[in-house]
Every structure is written in structure tokens, then in C-alpha cells.
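>>> have a look at this fold, sequence not included:
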């Protein structure tokens, strides 16, 4: 960090206030009141117009790690530790959303369960919070915690078939594409999302929606067992017979709320024999009838068909309404969808399933995201409001997407897992995209205003894998399950060691 700021200074570039503030925070965070003189502390206080809170040197609630502490941790681990200033720290602290820039005290890359247990013990002794990073795709950057310990699970790359090929055990560092590629060799599948770089574990904990979800359910609906290490350092197998309360919670609670997942065992399904996939686009002027037919297709169409609808970011005059589809059924193929309206631009082919799972997503952008859940059809009023909102969308900087639900997702009752959106039909996402150093004010305003305009059409809930941060109440994600989830948080993580949305109501 210091080298980066020094480089900007030497090039006579303006130092971004946010980076300067973060750098100063790092320096101040390392100050030990027990060894820092009273005079120096008073001087630091006088710099700020708003005085710092008085420091109690006898306070033991939180102890900042010393060099000796860090060395002690390193000596206990077979994996690596990256702290501020080390070579790999900067790259490993980044997440997919470049609007987020967090500075953990240290990033630990464990290579074994023992490494994880020793890291948890270290965090317990020094009262440091822990976040867990798999793919790092969470919108709010929750996988990388400011001032705490990040457990980077990238070394947990194991994938192994079990039960004579009827299930698969997946390590916490495995990403969607790695798992899809492995399973393709055995002509097996799991319902996974379409972004290849997303971590399997993180997506599963919040639900997990993908091309096969209308046929086989969510990712979390296909879990047979979790391997979990809790805040007391205990290794636990979580399934219907052992710790069934956690088995209920882990299927939909999102994040690493109750400990560190090291592996998940999934039920496998035969890979589709016939796959047709691709994108069909029309000029934005066709959007109203397209979205109405799209609504009918989701509510009444076969489970073997999965359709996203979206208006991608573009200049307003070039805007398109797009359907990205997947179909296993020759009788309900995507060519029929191309007939919904004239002037369709069709890019649909027969593919291997894994080809449909290999979508490219732009890297290195700042993202601003809001979402809501829709039950029932897309009404004419909702479609009109959506299209009116898009008319004021900043050019090349924002869009709207609809994820379909229904099908097998609704075969499971709401009370059976922590995932509450069983009666829903769509997830509506409003997204803004900018470069990290670009002024994002207009984009953020549009995202927030569009969300407010469309909120009357939502059911009051939101998809937890598209986390909206601390200003979103827990009931939006978990509904009437909140009380039960908080009780489990108190039971298995009473000191709130693991960062997650559930701690908001407990801190």
C-alpha cells in the first residue's frame, strides 16, 4: 500500500483521498495503546476535529496482533499468510466487485483442516473476526473483511466421485467451471450458476440458481452433506442425521455464517443428452410483448427450459431486449422463442452442456446492485414501469435482469430449508457498472431510484446471493426464518467470530 501511494506521489498524481484514508487507518490500527506514549496519542487526537474515543489500556475485548503473534501463527501453518505490505497481499484482498476495497489484517491460505483450526484459535485469542473467501464474487465484498482475518480457501481444490458415481465431494476452493469440467468426463451434472469463476460453496450456501434449477432444484437442494469447522475448532459433518439444525440453515443462509465449510457432497444427475443454448435479441421497442411472453414461458413452460431475460448495458439508441436460453427438449426449443416477435437476432446452436456453462463475464469493473423478488406473472404495469426506468438509464453503465425460478425449486416447502423464495417466480436485478476510478454518482442514483420505482411490484424479499449490504433488513433475505437463524448463530458462533449478515442484529 505504501509503495503504491509513494509511486503516485513520485508521478505527481493526485493521491485519492479514499486510499490515503485507508493507509492511515492501517497505520493507526497497528498502534498499541500500551506502548504508545500518552503525548503521541494526544497529538493524534488533536489532528481530527472529532476527537477519538478515549482508549482504555486495560481493555481486553480486542487485542491487535503483534509481530510475535503473526510469527506464532505462521509457525503453526503449512499454508501461507499474507499481511499488509507482503507481495501477494494486494492481489488476494481484491474481490470481483472493484467498487469494494477492504484491508484485512491478514489473509491466510490454509492447506488443511489443521491450518483452519489453528487460524480460528488465533482469531479467538485476539478477538479478530474471520471471513471466508471462495470465489470472491459477493457483491458487497463480504468475503474480505476489513481489519480481520480472511481464510482464502483457494488451496482446497479436491473433487472426488463418491457412492459409485452417484455423488461428488467438492473442496471449498473449487469454482463452477472446474466442477462442470470434471463432471463432464463422467456425463454428470449439478445445478450450478452460469458464471464460471463463482465459487461453488459460496453460491450453494445462498441457494444457487442455474440452467438446471427448474429441473433439479437449487444447488443447495442437491447437497447431501457439509464438512464444517465451527468457532470452537470442532470438525463437524452436517447432514440430515447429524446436526440437522445446521443442515437446514446452511441450505440458504448465505455466506459463512456458522463456520468454515471445507467440503460439500452433492447428489449427481445424468448430463442432458440434448442441449440447445444461446441468445435471442430484439430491438428495445419490442420489449413489452417479449417480456409478457417471457413471463408466460417461465410460469407455464417445461422444466427442461431455462430462460434469462435482460436489457444489457448499452447506448440507449442501441438497446436490446435479450433472452438467454437453455433447452433440453426438442419440442420446446429456442427457435420457437425466436418467433415471439419479428426482427429477432438469433444466436442459438446445439451445444454440449458445459459450453452453455462457459459464459464470459467482464472483469475489473465496479458494480452497484439491487434486487427484488416477484411472485406470479410479470404484470403489464411492472413491464411499463421497468421500461420507463430504463429510458433514464445512463449510457453503457447499467441494466436490468430477470432470473427465472419455479419448477423443481417449488417442489420443496419453504420450511424445509433456510431458502424462503420457494413461491417466487423471478428475481429482478438492477445493476450499475462503471470503471473503478469513474464517478459513479449518476449510476448509483439510477440503480437506487429504479429499485424504489419497482419495489411495489416486489414481495418485500431479496435474493441473499445478491446481497445488498447492511441497509437491507434480514427479513428481506430470510423472512420468518430470521429468529431461528439468529438462535443458531448464537448457539454455534456466540462470539460472532464469523462475519456474515446474521451478526447485524446481534452486534
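Structure received. Since this is a predicted model, take the numbers as computed values, not measurements. Numbers count the residues shown, from 1 in each chain.
>>> which residue ranges form the strands in the stretch 251-400 of the chain?
For the stretch 251-400 of the chain, the strands defined by DSSP state E, counting those that start in this stretch cover 260-267, 269-270, 276-283, 305-311, 320-327, 345-350, 366-374, 398-404.
>>> output those as TSV; include the columns distance to residue 151.
C-betas here are computed from N, CA, C, even on glycine. Output for the strands of the stretch 251-400 of the chain, formatted as TSV (distance: least, C-beta to C-beta, whole Å):
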stretch	distance to residue 151
strand 260-267	6
strand 269-270	31
strand 276-283	36
strand 305-311	32
strand 320-327	34
strand 345-350	41
strand 366-374	23
strand 398-404	29
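>>> with mean pLDDT added, can I get these in JSON lines?
Below are the strands of the stretch 251-400 of the chain laid out as JSON lines (pLDDT from 0 to 100):
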{"stretch": "strand 260-267", "mean pLDDT": "98"}
{"stretch": "strand 269-270", "mean pLDDT": "96"}
{"stretch": "strand 276-283", "mean pLDDT": "95"}
{"stretch": "strand 305-311", "mean pLDDT": "96"}
{"stretch": "strand 320-327", "mean pLDDT": "95"}
{"stretch": "strand 345-350", "mean pLDDT": "93"}
{"stretch": "strand 366-374", "mean pLDDT": "96"}
{"stretch": "strand 398-404", "mean pLDDT": "96"}
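>>> can I get these in CSV including mean neighbour count and distance to residue 79?
Putting the strands of the stretch 251-400 of the chain into CSV (neighbours: other C-beta atoms under 10 Å; distance: least, C-beta to C-beta, whole Å) gives the following:
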stretch, mean neighbour count, distance to residue 79
strand 260-267, 22, 13
strand 269-270, 13, 34
strand 276-283, 20, 39
strand 305-311, 23, 38
strand 320-327, 23, 38
strand 345-350, 13, 43
strand 366-374, 22, 30
strand 398-404, 23, 36
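>>> tell me which of these lies nearest to residue 478.
Closest to residue 478 of the strands of the stretch 251-400 of the chain, according to C-beta to C-beta: strand 366-374, at 12.3 Å.
>>> next, the angle strand 398-404 makes with the closest one.
Using axes from the mean of the first three to the mean of the last three C-alpha atoms, to 10 degrees, the direction of strand 366-374 lies 40 degrees away from that of strand 398-404.
>>> strand 366-374 pairs with which strands?
strand 426-434 (antiparallel) (DSSP bridges).
>>> tell me the mean pLDDT for stretch 457-472?
The average pLDDT within stretch 457-472 is 93.
>>> read off the pLDDT value for residue 61.
40.
>>> out of the strands of the stretch 251-400 of the chain, nearest to residue 498?
Among these, the nearest to residue 498 by C-beta to C-beta is strand 260-267 (7.7 Å).
>>> any idea what residue 266 is bridged to?
With DSSP bridges as the rule, residue 266 is bridged to residue 168, residue 223.
>>> same thing with residue 498?
residue 130.
>>> could I get the contacting residues of it?
Residue 498 is in contact with 129-132, 231, 256-260, counting by C-beta atoms under 8 Å, 6 or more residues apart in numbering.
>>> try 7 Å this time
Contacts of residue 498 were listed using C-beta atoms under 7 Å, 6 or more residues apart in numbering, and they are 130, 231, 256-259.
>>> that one and residue 99, how far apart?
Separation of residue 498 from residue 99 (C-beta to C-beta, to the nearest Å): 24 Å.
>>> same check, this time on residue 139
For residue 139, the distance to residue 99 - C-beta to C-beta - is 9 Å.
>>> intersection of neighbour lists for those two?
Residues touching both residue 139 and residue 99 (C-beta under 7 Å, 6+ apart): residue 367.
>>> the more surrounded of the two?
residue 139 (22 against 19; other C-beta atoms under 10 Å).
>>> surely that one meets residue 367?
Yes. Assessed by C-beta atoms under 7 Å, residue 139 is found in contact with residue 367 at 6.1 Å.
>>> and the strands of the stretch 251-400 of the chain: which comes nearest residue 200?
strand 260-267 (7.1 Å).
>>> ok, residues contacting that closest one?
The contact list for strand 260-267 (C-beta under 7 Å, 6+ apart) reads 113, 116, 132, 151, 156, 162, 167-172, 190, 201, 204, 222-229.
>>> and these, which are buried?
Applying 16 or more other C-beta atoms under 10 Å to the contacts of strand 260-267, the neighbour count classes 113, 116, 132, 151, 156, 167-172, 190, 201, 204, 222-229 as buried.
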